[in-house]
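return atomic coordinates for the entry below.
(one chain, ligands or ions: 1)
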Amino acid sequence: MLTLTDVNKTFFPGTVNERRALRGIELHLREGDFVTVIGSNGAGKSTVLNVISGGLTPDSGTVTIDKRNVTRLKDHRRAALVGRVFQDPMAGTAPHLSIEENMAIADKRGATRMLGRGVTNAKRRRFAEELSVLELGLEDRLKAKVGLLSGGQRQALSLLMATFSDPRILLLDEHTAALDPQRAELVTRLTEQIVTDKGLTTLMVTHNMEQALRVGNRLVMMHDGQIILDLDEEQKRGKTVRDLLGEFEKIKGATLDDKTLLQ
Ligand SMILES: Nc1ncnc2c1ncn2[C@@H]1O[C@H](COP(=O)(O)OP(=O)(O)OP(=O)(O)O)[C@@H](O)[C@H]1O
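Residues are numbered from 1 along each chain as shown. So this is what the prediction gives:
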């Protein structure tokens, strides 16, 4: 349902700052795939997500969603197809608006109507029902300003809002990295629950290799703009972080310590 074919992206070409961020990326996701993406700093993980969301246009290659070539479709025109949660809990929500106003905006994402944050009683009931899934008590705080929520609560809300309009693809860009371990664990659990309940096709970037092994049905490792390892559910079962580092060393002939990937 999502296919990247020979996708290349170079920043500042022909200058001293030239950086080949993506080199011939080939990636095919089946409906309902939940893929975790790991890789060293600067490997190209965020650039892949940006190419899928439409924030960046590749220099060459194609991106198709449901067989539709969206390579040159701008991000706002892809909004109904792609949901995204960023690392920064501040990024996905508007702090000065209430929970229900934020949800009303998310509800209209990708629609042709004007954006609006008007909330009818019927909507309010639906929002409360959706929020109750999070088990954070937010359904009783619909009128609270989002800026007053904790980082974990905001990320949980961002996650819910990103999946509101049933996007074809959900992109998670280190969305638990800025949270303390307990809240990161909570948001990871909610992610698994929402992705499973809605059957969402998902790409999740993480620096946490243990999480990458545990979550989802497939694991992709990137390095220097390329996909260097792609493990299916069976191949990743029983693997440890040490095994992953070993695979990396074998493939790249490089030695790497835990920190490089985990940072
Ligand atoms: N907008 C940009 N302008 C210039 N160079 C960029 C831009 N975005 C990314 N790059 C460069 O492209 C390469 C890949 O970056 P990218 O952010 O995709 O890596 P990443 O795997 O997400 O890294 P990290 O784990 O550090 O976030 C890096 O060398 C980065 O400096």
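
any regions of the stretch 101-250 of the chain where pLDDT drops low?
The stretch 101-250 of the chain contains residues with pLDDT under 70 at 110-118.

where exactly do the strands run in it?
Here the stretch 101-250 of the chain has its strands, by DSSP state E, counting those that start in this stretch, at 169-173, 201-205, 218-223, 226-232.

export those as JSON lines, with columns for mean neighbour count and distance to the ligand.
(Each C-beta comes from the backbone N, C-alpha and C, glycine too.) Output for those, formatted as JSON lines (neighbours: other Cβ atoms under 10 Å; distance: least, Cβ to the nearest ligand atom, whole Å):
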{"stretch": "strand 169-173", "mean neighbour count": "24", "distance to the ligand": "8"}
{"stretch": "strand 201-205", "mean neighbour count": "25", "distance to the ligand": "7"}
{"stretch": "strand 218-223", "mean neighbour count": "22", "distance to the ligand": "6"}
{"stretch": "strand 226-232", "mean neighbour count": "17", "distance to the ligand": "11"}
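
of these, which is nearest residue 127?
strand 169-173 (19.3 Å; Cβ to Cβ).

partner strands of that closest one, with direction?
Strand 169-173 pairs in its sheet with strand 82-85 (parallel), strand 201-205 (parallel), by DSSP bridges.

distance from the last one to the middle of the chain?
The reference is to strand 201-205. 5 Å (Cα atoms, centre = their mean, to the nearest Å).

pull that strand out as CSV, backbone CA atoms only.
Presented in CSV, the C-alpha positions along strand 201-205 are these (Å, rounded to 0.1, in the frame of the first residue of the first chain):
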residue,chain,number,x,y,z
THR,A,201,-0.1,0.9,8.5
THR,A,202,2.7,2.5,10.6
LEU,A,203,6.3,3.6,10.4
MET,A,204,7.9,4.3,13.8
VAL,A,205,11.4,5.8,14.1
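
for the residue nearest to the spatial centre of the chain, list each beta-bridge partner.
In the chain, the centroid-proximal residue (Cα atoms, centre = their mean) is residue 172; its distance is 1.5 Å. Taking DSSP bridges as the rule, residue 172 bridges to residue 85, residue 204.

distance check, it against residue 12.
Remark: distance between residue 172 and residue 12 (Cβ to Cβ, to the nearest Å) = 28 Å.

again, but for residue 169
Distance of residue 169 to residue 12, computed by Cβ to Cβ: 28 Å.

ok, now residue 191?
For residue 191, the distance to residue 12 - Cβ to Cβ - is 34 Å.

give me the more crowded residue out of these two.
Between residue 191 and residue 12, counting by other Cβ atoms under 10 Å, residue 191 is the more crowded of the two (25 against 9).

my read is that that one contacts residue 163, right?
No - counting by Cβ atoms under 8 Å, residue 191 sits too far from residue 163 to count as a contact (9.5 Å).

now do the SS call for residue 5.
Applying DSSP: H, G, I helix; E, B strand; the rest coil to residue 5 yields a three-state assignment of strand.

my guess is it contacts residue 62. True?
Yes - counting by Cβ under 8 Å, residue 5 does reach residue 62; the two are 4.9 Å apart.

which of the two has more neighbours?
residue 5 (17 against 14).

how about that one, what does it touch?
Neighbouring residues of residue 5 by Cβ atoms under 8 Å, 6 or more residues apart in numbering: 26, 61-64.

what's the answer for residue 239, then?
Applying Cβ under 8 Å, 6+ apart to residue 239 gives the contacts 213, 231.

now it. Its backbone dihedrals?
Here is the backbone geometry of residue 239 (degrees, to the nearest 10): phi -70, psi 150.

what comes up buried for stretch 95-106?
By 16 or more other Cβ atoms under 10 Å, the buried positions in stretch 95-106 come out as 97-106.
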